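**Student:** this is a predicted model, with the sequence first.
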Amino acid sequence: MPRTSAHQRKRDAQRQWGADRRTEPHPIVPPPISEGRITRGRLAIVVTITVWACYITYTIIQQFIAGHAYSVRLAIEAIVYMLVITGLAASAIAYLITRIGYFYRGRGHQRAPRVMLDEFIGGKTPSLHVLVPSYQEDERTNRTTLLSAALQEYPGLNVTLLIDDPRAPKTRVARDMLLAARALPGKIEAELKVPYYRVSAAYAAFDEQVRFRGGYLVVLEDMHRLADEYRFASDWLYDLGARQEIIDHTDTFFVEHILQPLAVELGQISGALSKGADEQVALPLARMNQFYKRLVGIFDAQITSFERKKYVSLSHEPNKAMNLNSYIGLMGGAYREISTPLGTALVTAGPNRADLVVADPDYVLTLDADSVLLPEYALRLVHLLEQGAYAGHAVAQTPYSAYPGSATRIERISGATTDIQYIVHQGMTHYGATFWVGANAVLRKKALDEIREVSYDGDWEIKRYIQDRTVIEDTESTIDLGVRGWTLHNYPERLAYSATPPDFGSLAIQRQRWANGGLLILSRLKDQFRAKSKREDKNRFGEYFLRINYMASIFWSSVCLVIMLAYPFNNELLNPILLLVSVPYFLMMAADLKHLGYKRSDMLRIYGFNLILLPVNLSGSIASLLQLLTGEKSNFKRTPKVRNRTTTATSYLILPLALIVLCAYTTWHDIQLHQWNNLVFAGLNLMLSLYAMIAFVGLGNTVVDLFAHLRGWLIRPVVPRVKKKKKSAAPSDAKPAAIGDWAQVLHYRHETGAAAGTVTVRLQRSEAGTWQADRSSSSSSRAHSFEEFSFFTVFQPIYNMINGHVVGYEALTRFADGSSPRDGLAAAFERGAHIALDAALVQAAITSSAALPNGTWLSINVTEDLLRRPHDLAPLLAASNRPLVLETGPAAPPSLAQLGGIARVAVDDRGAGYETLSLIESLRPAFLKLGLDSIEGVEHETARQAAIRALIDFADQHGCTVIAEGIETPAQRDALVACGVQLGQGFYLGKPVPVERLLAGVGGW
């Protein structure tokens, strides 16, 4: 049956000069590599290393032995230049080595035949769950990705779209995207149910008829019926492709190279079955079952969506890793939704009471929302991992390739670098240096469980499988897996494709993210080295050389190139022999580009492309260094997925222009000084960077973006000013707000609904400029200026660890917006209202504690500023129906004695040293609280145990009781009890929970 090509149906999109003319993708299995190509690759490595060694030797002899470097400046220049050449040569050698590994793997790859895969499907297949993380993606993009995942030839597939869009969209476009993403899984599943119900019914009818015949006999009519089902499935896939919206080359690829090839193959099977039946040949029963199971497996998919931002109990960190981690952490559990003062939370529940049940699969397939998979991807990779030889592999993947037929020059060149990286990643596997590339991968769930890390965000347990310390999360997780003895594998076939950003602005965001994090992760290689040594595995030089190059070469290559461009080195260092260091690298890359369907001259375009990306790569590397110094995570900048152009950051426009000016100046300067060696390098960089700026950014786009940034800098939004009312009384008549006002009904307590237990405090600025409580809102004629703080109180039990009884509770504050109490008080301090807010926190804690068990005392955190006002604090404390303990800093004010014995004092320790002993002696507190730093390692450090024993003895002599905080394990509890610590609190003993949950027995020891 003739079919309409997607090319004939797509819109007439404007194509740039120099766009990709390819219409066919790369072969799934690369063609065999000739001996000549391998020999030339080996020769390139030998030439590069030999020339580098000769140059270094010659330069050392010339500069240091012959004495040409007769000054300190010349000596430093020579050393720096040799380091620069060494760094660039190392990157070139790494590429040449990996391509040889790629050649070897391509020649040795034996593709599993289809009959073996059908036999695998015919048995009991492991469970597989596909996760598609998505953030504000176009519905068409999500649909294409979900369909490519759902149409995998794998039975019983679960596909989940992890929607990470903001749940309160600020624009209409964002709202429409969110609503479309929520509705999409149901639409696709409904579409797939049509062929699924038909073929599954046909399979059931076939099975029933075979049983009726005795359980083994297959007749010719069965062959014809099976052929009809395959023909129906083929026609359905063709119709699905005809309904696909064609906007760009990615849609064309999906229709012509995913849907139609699968439809063609199913049609061919249908024809073969009919022809076999016509020739009076009946297939064995086992083979018939395999054909039916394959057909059912294509359409057997359950498609759902999940939004982690709906639940306060899950991480809301703005990155893809935590989007995946949040759902993976739920696998294997049943949960019900409960309302908390901060929002909806998921808590474990029995299967009969659960609102959400997530199965624990054998494998997890992660797939970015702008990527697609060929139909055999999941089947081939899971089949591989199920082989005995791959039992120790945690990850199997195929590095993604670029879509053919892109309409812009920048997409074509970016796609060329993507396809070159495919060669690099495949070659790294040959040397055991595989890195997990996060766009698509099949992950063994057992391996993920082994690298799981658990932390706490308030009361909630946060599980991390994929690290999010850096924005290249999959790279650090590769090291985690290697430390635990797992390996990774790049399947040597092209089974996955991913889109490249269509403009320079979005591309700069993507590449800046890629350049961030490698330097931070580099130090973790020593952990893998030690772990392999402990397991008596070989640590090979080639593996670590390639891993170091992969993680750090962006940084050192960018720095080296900038140094060569910016600094006028001694002309004697610019030896013509240096050309032979880089020529083999460029020649081999040009040959690889030609082999991949590009032009050899694209090698020069890629070089120019990388020149204008120098500021982008350096900014990512600098962000890594800043994170190393400050410990703060870098912001996860998502690549924009828009049809229109993304505005480029100012620095990414100005710095490439400055580079062009620098190259022009250097060229003119070299002509003036007749430095012809340096002139060649400077002139080449000038031409290629100028070409790249014009071709990939565009002069018009550059001017428009710079004007937009300049306009935004010059023209600021006008903030309307609020006119001040005339003062009705003299300033001397204005009285400051009394804390006693706050001790009255100055908060609104929600007893029901989602905000149950929440206290909302509103501060009003008085006409005198001070802050006071909003006691009345009856005067509507006045302009009010309010600041609102919403919070609730949780209680953490303090145990007598000897008998297991609760002796007291510490009251802790949780703000409704998720900020810490310290941040809330700091915000109030800026407005001069921190004392009033602290008083409200104290009153809320005392009021909420009324329902706590009798015979227990209450510990409250109080700021030193409020403690200095005992006349305001005392009335608040007097309302308590139980003994009180005030926790304060080590510098408790002397005015605390004016409270008249209403409360005892607890202070934090200053470490196991003289400062803590002096604190006990000078302040005479009733309690001393040992923090996390003081008890860390107490279970196995005898010196720390001895210090704690001495501290307890000294505290006893001064009437002070020691309380250990932060106890997280039974070993810590037992060690502290052995040291003489009787009282303790921590997550192991009891988590902080609202009083209602505390009384219900939730969170206790």
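**Tutor:** That came through, no problem. Numbering: from 1, shown residues only.
**Student:** for the most centrally placed residue in the chain, what are its contacts?
**Tutor:** The chain has Ala321 as the residue nearest its centroid, 2.9 Å off, counting by CA atoms, centre = their mean. Contacts for Ala321 (CB atoms under 8 Å, 6 or more residues apart in numbering) come out as Arg464, Ile466, Gln467, Asp468, Glu473. Any C-beta I mention is one placed from the backbone N, CA and C, and that applies to glycine too.
**Student:** what is the burial count for the nearest residue to Ser414 once chain neighbours are set aside?
**Tutor:** In space, and not counting its chain neighbours, Ser414 is closest to Thr500: 4.2 Å by CB to CB, 6 or more residues apart in numbering. Using other CB atoms under 10 Å, Thr500 has 24 other residues around it.
**Student:** rewinding a little: just the ones of the contacts of Ala321 in strands?
**Tutor:** Counting by DSSP state E, those place Arg464 in strands.
**Student:** what's the separation between the closest residue to Glu317 other than its chain neighbours and Glu453?
**Tutor:** In this structure, Glu317 finds its nearest non-sequential neighbour in Asp468, 6.0 Å apart by CB to CB, 6+ apart. Counting by CB to CB, to the nearest Å, the gap between Asp468 and Glu453 amounts to 11 Å.
**Student:** same thing with Ala439?
**Tutor:** In terms of CB to CB, Ala439 sits 23 Å off from Glu453.
**Student:** can you pick out the residue with more neighbours from those two?
**Tutor:** Ala439 (18 against 11).
**Student:** right, and that one touches Ala369 too?
**Tutor:** No: Ala439 is not in contact with Ala369 according to CB atoms under 8 Å; the separation is 10.0 Å.
**Student:** so which elements touch the helix or strand harbouring Ala272?
**Tutor:** Using DSSP states H and E, Ala272 sits in helix 260-278. Helix 260-278 sits against helix 220-243, helix 285-299, with contacts defined as 3 or more CB pairs under 8 Å, 6 or more residues apart in numbering; DSSP states H and E.
**Student:** now, of the ones you listed, which is deepest in the fold?
**Tutor:** Most buried of the helices and strands packed on helix 260-278, by mean neighbour count (mean count of other CB atoms under 10 Å): helix 285-299, with a mean of 20.
**Student:** what lies in contact with that one?
**Tutor:** Applying CB under 8 Å, 6+ apart, the external contacts of helix 285-299 come out as 118-119, 121-122, 151-157, 192-193, 195-196, 199-200, 202-203, 206, 210, 216-218, 222, 226, 229-230, 233, 262, 266, 269, 273, 283, 375.
**Student:** would you mind checking the residues you listed for buried ones?
**Tutor:** The neighbour-count criterion (16 or more other CB atoms under 10 Å) marks 118, 121-122, 151-155, 157, 192, 195-196, 199-200, 202-203, 206, 210, 218, 222, 226, 229-230, 233, 262, 266, 269, 273, 283, 375 among the contacts of helix 285-299 as buried.
**Student:** among those residues, which are in helices?
**Tutor:** Members of the buried ones among the contacts of helix 285-299 lying in helices (criterion: DSSP state H): 118, 121-122, 192, 195-196, 199-200, 202-203, 206, 210, 222, 226, 229-230, 233, 262, 266, 269, 273.
**Student:** next, Glu461: secondary structure please.
**Tutor:** strand (DSSP: H, G, I helix; E, B strand; the rest coil).
**Student:** against Val395, how distant is the closest residue in space to it that isn't next to it in sequence?
**Tutor:** Nearest non-adjacent residue to Glu461, counting by CB to CB, 6+ apart: Val454, 6.0 Å away. From Val454 over to Val395 the distance is 22 Å, taken as CB to CB.
**Student:** who's more crowded, the two?
**Tutor:** Ranked by neighbour count (other CB under 10 Å), Val454 and Val395 place Val395 first, with 26 against 9.
**Student:** who's in contact with the more buried one?
**Tutor:** Thr434, Trp436, Ala441, Val442, Leu443, Arg444, Ala447, Thr478, Leu481, Trp486, Leu488, His489.
**Student:** between those residues, which sits nearest Ala19?
**Tutor:** Nearest to Ala19 out of these is Ala441 (CB to CB; 30.4 Å).
**Student:** so the closest one sits in a helix?
**Tutor:** No: counting by three-state DSSP, one finds Ala441 to be strand, located in no helix.
**Student:** might you report the residue contacts of Ala378?
**Tutor:** Neighbours of Ala378 in contact, by CB under 8 Å, 6+ apart: Leu128, Val130, Gln152, Glu153, Tyr154, Leu157, Leu365, Val442.
**Student:** that one: which element?
**Tutor:** helix 377-385.
**Student:** now Glu810, what are its backbone angles?
**Tutor:** Dihedral angles of Glu810 (phi, psi; degrees, to the nearest 10) stand at phi -100, psi 130.
**Student:** beta partners for the nearest residue to it once chain neighbours are set aside?
**Tutor:** Closest residue in space to Glu810, ignoring its immediate chain neighbours: Ser859 at 4.3 Å, by CB to CB, 6+ apart. Judged by DSSP bridges, the bridge partners of Ser859 are Glu810, Val885.
**Student:** so how far is Lys991 from Ser859?
**Tutor:** Relative to Lys991, and taking CB to CB, Ser859 is found at 16 Å.
**Student:** those two: which is more packed in?
**Tutor:** Counted by other CB under 10 Å, Ser859 and Lys991 do not tie: Ser859 has more neighbours, with 25 against 21.
**Student:** and Val697, which of the helices and strands packed on helix 260-278 is closest to it?
**Tutor:** Closest to Val697 of the helices and strands packed on helix 260-278 is helix 220-243 (CB to CB; 35.7 Å).
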